[in-house]
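1. Pasting a predicted model and its sequence here:
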Amino acid sequence: MKKKVVVGMSGGVDSSVCAWLLKEQGYEVIGATMQIWQADECKVERDGSCCGISAVEDARRVAECLDIPYYVMNFRDTFQKEVIDRFTGSYLKGLTPNPCIACNRYVKWGAFLERCRQIGADYIATGHYARVMQLPNGRYTVQKSVTTEKDQTYVLYSLTQDELSATLMPVGDYTKPEIRKIAEDLNLPIAHKKDSQDICFVDDGDYAGFIQREKGTLGQPGPFKTLDGQIVGQHTGTVQYTIGQRKGLGVALGHPVYVTGINTQSGEVFLGSNEDLFNDVLFATDIQYMGVPRFDEDTVYHAKIRYSQQSVACKVHYEKEDLIKVTFEEKVRAATPGQAVVLYTDDWIAGGATIISKDKNL
């Protein structure tokens, strides 16, 4: 009997080819798009959008081409609670969250997998450039894709063992040009569709404006301060800034300055040099284990502190059961509270956690 798999189809080329690959492998394939945003409010109709009404229509046309059943599943309430509200709440606390991680954790796997199991699915599948593998220790993990440029493992570190055991990611075995070539050969209508960019629900890239519309505030106003305490300007709200930011500060000191710290209570935004952003230590919590049940304090891992960063060798020390200190062999730039530190062994994820501080005095 064929195994049933529901493919999360965004209307893009990767998830479309994912569905075809699995059908070729003999699975009973069903396509489904997760409706996560009110189309009339979202206004996200850019090329490559994953949540506008055009994404649904593109996915539906692909499903017709592949001759597979297709459904739209409504997860708008879950998306609002677990992604939008977390995003705005984090910024108001001075954090810089990665909403794609939250979306994967709570929507694309948590809620989607549960719904798909209710309709009898054995697996779910996505078009991520990553690969699910089972290690000799029996644990499932996410292995890097064959193409470094498109690797998406960083945003998948929080998936559970149960979720991974029910997940297929066939696109991770291919390069982007190979995926596009398959789509072209199949005459799929989305073969040349652009990749999605940025945060899907902030259509103009103005995070602060979005938060102000959602929450009615830009956070606490206050002074810009240099690291020696000198006041060099004023701002209208802390949510407009993030660690490492240089542009849009409106402060002229005769040399480049960057945001190095944010105090959401006092409204102070601290400015320093690029060198002030580098540190060899960070602290993180909300630990998620993947390839290992616990980090080994004697093992050298390789960690990424943002999606596009090269990994850096490091060691892990437990300060508390859910608080780790990560010490890098070389300094990393702008370890930002709210972002994730993802730890790799070879080319697979050992686990990860949420950065809360780069300061040794928590």
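-> That came through fine. Residues are numbered from 1 along each chain as shown.

2. before we move on, which element is residue 86 in?
-> Per DSSP states H and E, residue 86 falls inside helix 85-92.

3. And the contacts of the following helix or strand past that helix?
-> Note on helix 85-92: by DSSP H and E, the next helix or strand toward the C-terminus is helix 99-102. Contacts with helix 99-102, where a contact means Cβ atoms under 8 Å, 6 or more residues apart in numbering, come from 82, 83, 84, 86, 87, 155, 157, 158, 199, 201, 340. Bear in mind the C-beta positions are built from the backbone N, C-alpha and C, glycine included.

4. wait, what's in contact with the fourth one?
-> Translated: residue 86. By Cβ under 8 Å, 6+ apart, the contact list for residue 86 reads 97, 99, 102.

5. Just put those in TSV and tack on distance to residue 133.
-> Listed next are these as TSV, based on distance: Cβ to Cβ, whole Å:
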residue	distance to residue 133
97	28
99	26
102	24
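
6. circling back to that earlier point, give the buried residues for the helix holding residue 86.
-> Under the neighbour-count criterion of 16 or more other Cβ atoms under 10 Å, helix 85-92 has 86, 87, 88, 90, 91, 92 buried.

7. Pick the one among these closest to residue 241.
-> Checking those against residue 241 by Cβ to Cβ gives residue 91 as the nearest, at 9.6 Å.

8. show me what contacts that closest one?
-> Contacts of residue 91 by Cβ under 8 Å, 6+ apart are 97, 207, 211, 219, 239.

9. about what we covered before: show the average pLDDT along the helix holding residue 86.
-> If you average the pLDDT over helix 85-92, you get 96.

10. related to what we said a few turns ago, among the contacts of residue 91, which pair sits farthest apart?
-> 97 and 219 (14.3 Å).

11. Any quick ChimeraX command for the buried ones out of the contacts of residue 86?
-> Buried members of the contacts of residue 86, defined by 16+ other Cβ under 10 Å, are picked up in ChimeraX with:
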select :97,99,102
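
12. which one of the contacts of residue 86 is nearest residue 272?
-> Nearest member of those to residue 272, counting by Cβ to Cβ, is residue 97, at 22.9 Å.

13. Include distance to residue 109 and pLDDT when you put the contacts of residue 86 into CSV, please.
-> Formatted as CSV, the contacts of residue 86 follow (distance: Cβ to Cβ, whole Å; pLDDT from 0 to 100):
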residue, distance to residue 109, pLDDT
97, 17, 93
99, 15, 94
102, 11, 95
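
14. Output the below-cut-off pLDDT ranges for the stretch 151-300 of the chain.
-> 197-198 (pLDDT under 70).

15. how about the helices of it, start to end?
-> 161-165, 176-185, 207-215 (DSSP state H, counting those that start in this stretch).

16. which residues does the closest residue to residue 8 other than its chain neighbours contact?
-> Spatially, and ignoring its direct neighbours in sequence, residue 8 is nearest to residue 126 (5.0 Å; Cβ to Cβ, 6 or more residues apart in numbering). Listed by Cβ under 8 Å, 6+ apart, the contact set of residue 126 reads 7, 8, 15, 18, 108, 167, 169.

17. change it to 7 Å
-> With contact set as Cβ atoms under 7 Å, 6 or more residues apart in numbering, residue 126 has these partners: 8, 15, 18, 108, 169.

18. separation between the residue nearest to residue 266 when sequence neighbours are not counted and residue 230?
-> The spatially closest residue to residue 266, leaving aside those adjacent along the chain, is residue 222, at 5.9 Å (Cβ to Cβ, 6+ apart). Plainly put, residue 222 is 14 Å away from residue 230 if you go by Cβ to Cβ, to the nearest Å.
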